[in-house]
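Chemist: got a predicted structure here, sequence first:
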Amino acid sequence: MHSALQTPSLKLPNKTMWKRNKVWLIKPPAEHPLEAKYRPVLESLVPPDPMSKLKLKRGSPREEFPSVDGNYTCMACVLDLHMYTRQFNRATESGVIFDDIIRPGLEDPGTRTGPMTVGCLAGDAQSYILFCDFFDRVIEAYHSYKVSCDITQESDFNYDNLKGGDDFDPAYTESCEVSVARCVEDYCFPTHCSRGERRQLLTLAKKVLDQFSEEFPGKLYSIDDLNQETKDKGIIMDGPPASLIKTGVGRDWPDARALWVSEDGTLAVWVNMEDHLRLVSSRNDTNIQEAFATICIGLLKMEALYKKLRHPFIWKPHLGWVVSSPAEVGTGLKASVTIKLIHLVTHKRLDNILDRLRLCIEKARLPGTYKICNRQTIGLTEVELTQLVVDGVKLLIRMEKRLENNEGFDDLVPAQK
């Protein structure tokens, strides 16, 4: 009875065969006879990764240290052999090395009497982190602002907080302009980006500007279109500006560069120039209040559209809005008013006065006219920086009037910066 209830014996596969079958159940083997046959030939046709073959034939940091004699940039003021040695063997994930950072200042060393420039450009957002001891010192030298992780850069786009700006003396002022730069997350900056990246940025900008035009009508022009369709508007660009060629931003010109212009002409958006985007509001009058409001409204709308496409603008808490030039980090904002000066422009105290006002001056197109602009872009909000220009221009006009009447203006000079 007991033997009749026994389970019949089963013939199991050997141990090796069982293991193999189990593996097959997990991931069935895929056999492609033609692929197996031609794999060696196909692999031989694939170009090797250039970075894996790259061998930089560089000497020691001392041997490679650049000459900065006669260089009048902030880069030259900061750079020494010790600084260069610390940065020498560093590279960002996209391949930016320190020599790429300082090359613009070596190509354009500036002049003793000309305006001070930063003399360097970041190749990507990571450059500001990896080469922070260099960039932080350049920012401090140019903006007179000490970068600190304990201080967060604030923004204020409430244009109603701006006081004045629509009441300049028309006898002394001609025009005004407000611009703001932005760079997009996950893309290299124009000095280092590839053609493919630049074209992707243009495709992204087209999507954003198509939606933007639904609320703010306008048209996007390629560089070739500018010369053909906008000649009557005075917008012509025969070639890249010399400054873009020296810094490497003008590579592959005019590939993937474009300009969007609103129908009323109050707002323009440059794509893939010095930065990924630059919004500009220019006016033939001096109502900088209106120009600033146009920038604030347009920028906030575009920022929302880029976020919607999951490509936000680059922002770091201690640096604010990050762009390619350390001269514009923080807010990326430049506000300027073109004024007429005859007496003050030759006064021996002008440089000191502008330094105290945190403004800079440059010659405009017409004789006797000068563009007054904010030098600093970090440490203050957008409203505060524009307010500096408004108040500073009014003060300079008061000084000019005093000099016209052969009067002094010592009581008008600010006590400190």
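Modeler: Received, thanks.

Chemist: how about the helices in the stretch 51-200 of the chain?
Modeler: Assigned by DSSP state H, counting those that start in this stretch, the helices in the stretch 51-200 of the chain fall at 61-64, 74-78, 81-87, 98-107, 127-130, 132-143, 195-215.

Chemist: pull out the buried residues from the longest helix seen in the chain.
Modeler: Ranked by residue count under DSSP state H, the longest helix found in the chain is helix 382-404. The neighbour-count criterion (16 or more other C-beta atoms under 10 Å) identifies 382-397, 399-403 as the buried residues of helix 382-404. All C-beta spots, glycine's among them, are computed from the backbone N, C-alpha and C.

Chemist: which strands or helices does that helix pack on?
Modeler: Helix 382-404 sits against strand 173-182, helix 288-308, strand 333-340, helix 350-357, strand 359-363, strand 369-374, with contacts defined as 3 or more C-beta pairs under 8 Å, 6 or more residues apart in numbering; DSSP states H and E.

Chemist: report the angle between the fifth one and strand 333-340.
Modeler: In terms of direction (axes from the mean of the first three to the mean of the last three C-alpha atoms, to 10 degrees), strand 359-363 departs from strand 333-340 by 50 degrees.

Chemist: low-confidence ranges in the stretch 101-250 of the chain?
Modeler: 227-238 (pLDDT under 70).

Chemist: of the helices of the stretch 51-200 of the chain, which is nearest Ser222?
Modeler: helix 195-215 (9.0 Å; C-beta to C-beta).

Chemist: C-alpha coordinates for that closest one, PDB please?
Modeler: Extracted C-alpha coordinates of helix 195-215, given in PDB (Å, rounded to 0.1, in the frame of the first residue of the first chain):
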ATOM      1  CA  ARG A 195      27.000  74.400 -33.700                       C
ATOM      2  CA  GLY A 196      24.500  71.900 -32.600                       C
ATOM      3  CA  GLU A 197      23.900  73.500 -29.300                       C
ATOM      4  CA  ARG A 198      23.600  76.900 -30.900                       C
ATOM      5  CA  ARG A 199      21.000  75.600 -33.300                       C
ATOM      6  CA  GLN A 200      19.100  73.900 -30.500                       C
ATOM      7  CA  LEU A 201      19.000  77.200 -28.600                       C
ATOM      8  CA  LEU A 202      17.600  78.900 -31.700                       C
ATOM      9  CA  THR A 203      14.900  76.200 -32.100                       C
ATOM     10  CA  LEU A 204      14.000  76.700 -28.400                       C
ATOM     11  CA  ALA A 205      13.900  80.400 -28.800                       C
ATOM     12  CA  LYS A 206      11.600  80.100 -31.900                       C
ATOM     13  CA  LYS A 207       9.100  78.000 -29.800                       C
ATOM     14  CA  VAL A 208       9.200  80.600 -27.000                       C
ATOM     15  CA  LEU A 209       8.900  83.600 -29.300                       C
ATOM     16  CA  ASP A 210       6.000  82.100 -31.200                       C
ATOM     17  CA  GLN A 211       4.000  81.900 -27.900                       C
ATOM     18  CA  PHE A 212       5.400  85.200 -26.800                       C
ATOM     19  CA  SER A 213       4.100  86.900 -30.000                       C
ATOM     20  CA  GLU A 214       0.600  85.800 -29.200                       C
ATOM     21  CA  GLU A 215       0.600  88.400 -26.500                       C
END
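
Chemist: quick one: that helix to helix 288-308, angle?
Modeler: Going by the same axes, to 10 degrees, helix 195-215 makes 120 degrees with helix 288-308.

Chemist: packing partners of the next helix-or-strand element following helix 195-215?
Modeler: The first helix or strand that comes after helix 195-215 along the chain, using DSSP states H and E, is strand 218-222. Secondary-structure packing of strand 218-222 (3+ C-beta pairs under 8 Å, 6+ apart): helix 195-215, strand 258-262.

Chemist: any chance of the ones you listed in TSV, with distance to Val78 and mean neighbour count too?
Modeler: TSV is the format used below for the helices and strands packed on strand 218-222 (distance: least, C-beta to C-beta, whole Å; neighbours: other C-beta atoms under 10 Å):
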stretch	distance to Val78	mean neighbour count
helix 195-215	29	16
strand 258-262	35	20
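
Chemist: next, format those as CSV and append distance to Asp224.
Modeler: Output for these, formatted as CSV (distance: least, C-beta to C-beta, whole Å):
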stretch, distance to Asp224
helix 195-215, 14
strand 258-262, 10
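
Chemist: coming back round to it: nearest to Ala76, out of the helices and strands packed on helix 382-404?
Modeler: strand 359-363 (18.9 Å).

Chemist: and that closest one, which residues are buried?
Modeler: Going by 16+ other C-beta under 10 Å, strand 359-363 has these buried residues: Leu359, Cys360, Ile361.

Chemist: hang on, isn't the last one packed against Lys371?
Modeler: Yes - using C-beta atoms under 8 Å as the test, Ile361 is close enough to Lys371 to be in contact (7.0 Å).

Chemist: now do the contacts for the most centrally placed residue in the chain.
Modeler: Closest to where the C-alpha atoms of the chain average out (C-alpha atoms, centre = their mean) is Val323, at 2.6 Å. By C-beta atoms under 8 Å, 6 or more residues apart in numbering, the contact list for Val323 reads Ala181, Arg182, Cys183, Phe189, Asp275, Ile314, Val329, Gly332.

Chemist: what's around the third one, how many residues?
Modeler: Counted by other C-beta atoms under 10 Å, the residues lying close to Cys183 total 23.

Chemist: which residues touch it?
Modeler: Counting by C-beta under 8 Å, 6+ apart, the residues that Cys183 touches are Ala125, Phe189, Asp275, His276, Leu277, Phe313, Ile314, Val322, Val323, Ser324.

Chemist: 6 Å instead, please
Modeler: Asp275, His276, Ile314, Val323 (C-beta atoms under 6 Å, 6 or more residues apart in numbering).

Chemist: next one: it from Ile97, what distance?
Modeler: 20 Å (C-beta to C-beta, to the nearest Å).
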